[in-house]
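Peer 1: No sequence on hand, only this structure:
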């Protein structure tokens with residue numbers, strides 16, 4: 001670590017419920033060191049203690065052992081996943097409450113950029129409004145160390161991109177818990193991995209995490225060969241399952257790409273279904289939802305312009321766009337819950353749907369897991385096949401011994417996973433998922449991806465999770481807020497590529513006749529020749545370094561790289577780390593020079 005840590009903890013240990021959740025006498029010591037510019041991903045399964053670790057770092061709870069040291073003057077701020085707004089009239093009242101409250105003008109400045117009205121009633125605010133208010137409060141406190149627990153939950157794409165830009169410019173340190181792989185890959189440079197009560201650190205961002213995890217599990221598997229077969233089975237079934245699942249998902253992704261290519265042949269450049277005569281009748285016979293020129297307007301605002309689409313049996317449709325763009329409206333029209341103003345929607349009478357909503361409203365805290373899944377019995381009907389409830393729990397990454405645990409004791413992510421276990425057991429041929437990735441850990445996301453891939457029916461997904469959409473959907477319906485709906489064969493990246501192409505085209509059109517380039521900034525007398533040269537060339541160098549980092553992380557994301565070529569993995573990891581260090585130094589240098597120029 002180039003600079004002394006702003007926070008460190010040596011020999012950390014914490015007991016919970018009579019057992020050691022973190023550290024302890026039978027495990028290796030936990031030592032944490034956080035530098036002033038660290039960008040850390042905190043990875044671990046639901047229930048592993050990630051949020052608890054945040055509370056320890058921020059001194060909200062005390063550890064049972066270990067020594068915590070914090071550099072004097074360090075401001076630690078926590079962006080909680082579910083802050084308590086009770087007792088506050090407005091979002092601004094909540095933001096300005098407490099001992100370390102930020103200045104109101106700072107909150108208003110960030111809230112304005114996020115597009116949130118802080119005079120909104122705290123009680124009546126939506127999940128997205130509360131999340132924006134929480135971000136405004138946290139960032140306005142000017143933290144030296146920012147702890148973020150699922151910061152992208154309930155945010156739309158524009159807000160996520162704004163937050164990514166702010167964090168990219170941020171000069172302090174942060175640790176982030178997130179299920180959003182794209183967010184993690186873009187921002188993190190090192191990883192804390194919380195696993196079975198110990199914490200490992202590696203100087204590689206999330207782009208290289210899965211390869212590192214595979215390496216650790218492979219080493220454990222070799223060591224486990226020396227153990228009794230039964231002990232090995234009990235201790236390592238989940239880890240082996242995770243590794244095998246990722247390998248199986250590679251095959252599923254290849255199948256998904258083939259499905260996208262076939263679907264692309266059915267779509268013309270305008271976004272409406274275009275079929276060859278040879279396959280037209282077959283395509284129609286497999287259609288389960290047919291929308292013809294549907295529209296919707298609210299209070300004089302066009303939500304959906306004339307839009308047509310045939311959804312086939314087995315299609316997996318992703319619906320994306322900013323909040324208020326019309327995603328829920330479109331979803332409700334396609335499923336028959338809402339009538340269009342004009343046009344028609346025909347839905348197959350054979351469709352039998354299951355809705356999994358983002359409120360997780362079906363989970364009653366006083367019921368046991370057994371009652372939720374099997375009405376208190378030992379057996380559950382899984383899409384027509386009888387299965388023991390504990391075996392079904394294991395399929396969804398639960399310890400089967402939790403079968404008589406009350407739902408209220410489970411973490412938010414565990415409750416979400418339990419809901420998935422119940423709903424995917426039901427017989428259906430239409431699955432509607434509204435923000436399904438909220439509160440799920442990365443391994444559960446892998447599982448959800450697998451279950452969706454194997455689902456034989458039709459799937460409609462509303463989500464802001466870009467990576468998840470790229471891994472699961474065959475078609476993306478993209479809403480830009482103008483009422484237009486783009487139909488793109490592929491996932492989020494494919495839609496984003498189409499939007500980017502359109503923006504470039506508009507830019508070129510607007511540039512005719514081309515205007516002369518703006519004059520260069522006047523040279524400041526405060527700059528030496530070297531300073532002036534650095535000021536001019538550093539932006540291009542920063543872009544080169546960013547490209548090198550992205551390229552390196554893409555290579556490191558290959559799960560087979562470490563095992564096939566560990567030296568190359570190490571070399572690329574070191575190169576990425578060096579590029580990040582140089583980029584940080586270049587950005588700081590350019591900002592210093594820019595201040596001189598502006599002065």
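Peer 2: Nice, I can see it. Please read these numbers as outputs of a predicted model, since none were measured by experiment.
Peer 1: Now do the buried residues in stretch 373-392.
Peer 2: Buried residues in stretch 373-392, defined by neighbour count with 16 or more other C-beta atoms under 10 Å: 373-374, 380, 382, 389-390, 392. Yep, even glycine has a C-beta here, placed from its N, CA and C like the rest.
Peer 1: need those residues in CSV with distance to residue 54, can you?
Peer 2: What follows is these, written out as CSV (distance: C-beta to C-beta, whole Å):
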residue, distance to residue 54
373, 31
374, 35
380, 35
382, 36
389, 33
390, 32
392, 32
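Peer 1: Can you tell me which of those residues comes closest to residue 258?
Peer 2: residue 382 (27.7 Å; C-beta to C-beta).
Peer 1: So which of the buried residues of stretch 373-392 belong to helices?
Peer 2: Among those, the members falling in helices (DSSP state H) are 373-374, 389-390, 392.
Peer 1: contacting residues around residue 133?
Peer 2: 91, 94-95, 111, 116, 118, 120, 125 (C-beta atoms under 8 Å, 6 or more residues apart in numbering).
Peer 1: One more pass at 10 Å, please.
Peer 2: Contacts for residue 133 (C-beta atoms under 10 Å, 6 or more residues apart in numbering) come out as 83, 85, 90-92, 94-95, 107, 110-111, 114, 116-118, 120, 122, 125.
Peer 1: now do residue 301
Peer 2: 324, 326, 481, 483.
Peer 1: Ok, residue 382 next?
Peer 2: 373, 389, 391-392, 395, 421, 424-427 are the contacts of residue 382 under C-beta under 10 Å, 6+ apart.
Peer 1: so what does the helix or strand encompassing residue 551 touch, helix or strand wise?
Peer 2: Under the criterion of DSSP states H and E, residue 551 resides in helix 529-556. Using 3 or more C-beta pairs under 10 Å, 6 or more residues apart in numbering; DSSP states H and E, the elements in contact with helix 529-556 are helix 181-187, helix 209-224, helix 566-598.
Peer 1: try it again with 6 Å
Peer 2: Counting contacts by 3 or more C-beta pairs under 6 Å, 6 or more residues apart in numbering; DSSP states H and E, helix 529-556 packs against helix 566-598.
Peer 1: State the mean pLDDT of the helix it packs on.
Peer 2: Averaged across helix 566-598, pLDDT comes to 76.
Peer 1: From residue 126, how far off is residue 165?
Peer 2: 23 Å (C-beta to C-beta, to the nearest Å).
Peer 1: What residue spans form the domains of the protein?
Peer 2: Domain assignment for the chain by automatic domain parsing gives 277-501, 529-598.
Peer 1: quick one: the strands in the stretch 1-150 of the chain?
Peer 2: Using DSSP state E, counting those that start in this stretch, the strands assigned to the stretch 1-150 of the chain run over residues 7-16, 19-22, 30-34, 39-43, 65-70, 76-79, 145-149.
Peer 1: Adding distance to residue 206 as columns, could you present those in CSV?
Peer 2: CSV is the format used below for these (distance: least, C-beta to C-beta, whole Å):
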stretch, distance to residue 206
strand 7-16, 21
strand 19-22, 22
strand 30-34, 17
strand 39-43, 5
strand 65-70, 26
strand 76-79, 18
strand 145-149, 14
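Peer 1: looking at these, which is buried most?
Peer 2: Highest mean neighbour count among those (mean count of other C-beta atoms under 10 Å): strand 39-43, with a mean of 25.
Peer 1: Quick one: distance of that one to the chain centre.
Peer 2: 13 Å (C-alpha atoms, centre = their mean, to the nearest Å).
Peer 1: now stretch 578-596
Peer 2: For stretch 578-596, the distance to the chain centre is 28 Å (C-alpha atoms, centre = their mean).
Peer 1: With stretch 107-127 instead?
Peer 2: Counting by C-alpha atoms, centre = their mean, stretch 107-127 comes out at 22 Å from the chain centroid.
Peer 1: for that stretch, which positions count as buried?
Peer 2: For stretch 107-127, by 16+ other C-beta under 10 Å, it's 107, 110-111, 113-116, 118, 120, 122, 125.
Peer 1: Distance of residue 420 relative to residue 407?
Peer 2: Distance from residue 420 to residue 407, by C-beta to C-beta: 14 Å.
Peer 1: what's the answer for residue 15, then?
Peer 2: 24 Å.
Peer 1: repeat for residue 288
Peer 2: Where residue 407 is concerned, residue 288 sits at a distance of 33 Å (C-beta to C-beta).
Peer 1: ok so, going back, find the pair from the contacts of residue 382 with maximum spatial separation.
Peer 2: 391 and 427 (18.5 Å).
Peer 1: circling back to that earlier point, can I get the domains of the chain in TSV with distance to residue 10?
Peer 2: Formatted as TSV, those follow (distance: least, C-beta to C-beta, whole Å):
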stretch	distance to residue 10
domain 277-501	27
domain 529-598	24
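Peer 1: quick one, which of the ones you listed is packed in tightest?
Peer 2: domain 277-501 (a mean of 18).
Peer 1: Quick test: name the residue nearest the centre of the chain.
Peer 2: Residue closest to the average C-alpha location in the chain (C-alpha atoms, centre = their mean): residue 180, at 1.4 Å.
Peer 1: For that one, which residues are in contact?
Peer 2: The neighbours of residue 180, taking C-beta atoms under 6 Å, 6 or more residues apart in numbering as the test, are 152, 465.
Peer 1: Now it, what are its backbone angles?
Peer 2: phi -80, psi 100 (degrees, to the nearest 10).
Peer 1: Local confidence estimate at it?
Peer 2: For residue 180, pLDDT reads 92.
Peer 1: how much space between it and residue 331?
Peer 2: Taking C-beta to C-beta, one finds residue 180 at 21 Å from residue 331.
Peer 1: before we move on, what about residue 108?
Peer 2: Residue 108 is 34 Å from residue 331, by C-beta to C-beta.
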